[in-house]
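**Q** With the input below, show me the fold.
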Amino acid sequence: MAVKRDVLQQRLREFWDGQEAYWETTAAEEPTLLRNRGRAASFLPNGATVLDAACGNSANARLLAGRCRYFGVDLSLTGLRSAVRPGLHLACGDTHRLPFCDASFDVAIATYVLEHSVAPRQMLREMLRVVRPSGRLILLGPAWDLPFWYPNSLLSRAHSCSWWLRYTLERVSRQMAGWWFGLLPFQIIDHPDALDREFIYDADAVYIVWTYEVIRQMRRWGCRLVHWEVDDRLLGANAAVRWLKRIIMLLPPYRRAGSTTLLVFES
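**A** Numbering: from 1, shown residues only. Predicted coordinates:
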């Protein structure tokens, strides 16, 4: 399994390093993404030493200028070379093996990152390792909490009803095992569409983010959830569908389901 993850990570790194257009697109973010980043940045204390994990083109640095001491790390050299501001403290490194000592930062933040991790549990553990006691860990990004939701990296397969049914049943079984027995799946996509198809947003996502398991895992490590919010519950316009989703969202594994989720933890 570790070998497969390493191969997938290398393929993603080659994709990110070879896509100048990808970084040009991310440099011109939609207002909604910028608002969400700004909301996440509002939980950073003034004067904090901050690690921006998998910073890409360092878009978060624009929101922290003059407020915090900023450090960014990313696997892609192309992304780092596309930094939105000159003179930043940036390093090329893997978020699964961060090149920093224990307790080096007051805050670690990851925005629109976790879904691209081939080993999300390891990434979260590393972010926690480099944060000082009583420090913060901030996560912002999409989630596909309900069992029939899927990222764009699976879009080419989702047109098949049989595939969708198998996918939904598999996710339900994994999520129930996580809920009842604590066997958190941290489900990974071995072959995202971005690797061999025309790129669309989040077609390079590999972790099917489930908010419940992220919170449960962080609590296992002794972290406290101090804030949670979601920008859109994605209930839809159909009255019957809205009713069904509201019923499902009464269950603990889906209580925080939505589109883009912001989680703030204290260690």
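**Q** center of the protein - which residue?
**A** Taking CA atoms, centre = their mean as the criterion, Leu114 is the residue nearest the geometric centre of the chain, at 2.4 Å.
**Q** And it, how far from Gly87?
**A** 28 Å (CB to CB, to the nearest Å). C-beta coordinates here come from the backbone N, C-alpha and C atoms, glycine included.
**Q** what's near enough to touch Ala41?
**A** Taking CB atoms under 8 Å, 6 or more residues apart in numbering as the criterion, Ala41 is in contact with 60, 63-64, 109.
**Q** Mind checking which of these land in strands?
**A** Judged by DSSP state E, the contacts of Ala41 include Ile109 as members of strands.
**Q** Show me what the top strand by length along the chain is packed against.
**A** The longest strand of the chain (DSSP E) is strand 131-142. If you count contacts as 3 or more CB pairs under 8 Å, 6 or more residues apart in numbering; DSSP states H and E, strand 131-142 packs onto helix 31-41, strand 105-111, helix 120-129, strand 260-266.
**Q** Asp52 against Ala61, yeah?
**A** Yes - taking CB atoms under 8 Å as the definition, Asp52 is a contact partner of Ala61 at 7.1 Å.
**Q** shared neighbours of those two, which are they?
**A** Between them, Asp52 and Ala61 share these contacting residues under CB under 8 Å, 6+ apart: 70, 72.
**Q** picking that back up, so the residue nearest to the centre of the chain versus Phe265, what's the distance?
**A** The value you get for Leu114 to Phe265, if CB to CB is used, is 13 Å.
**Q** Neighbour count: Asp52 and Ala61, which is higher?
**A** Asp52 (27 against 22; other CB atoms under 10 Å).
**Q** For the more buried one, list each beta-bridge partner.
**A** Beta-bridge partners of Asp52, counted by DSSP bridges, are Gly72, Ile109.
**Q** Not counting residues beside it along the chain, what's closest to Ser156?
**A** Nearest residue to Ser156, sequence neighbours excluded (CB to CB, 6 or more residues apart in numbering): Asp193, at 5.1 Å.
**Q** same question, Leu155
**A** Asp193 (6.0 Å).
**Q** Quick check: pLDDT value at the one you found.
**A** Note on Asp193: pLDDT of 96.
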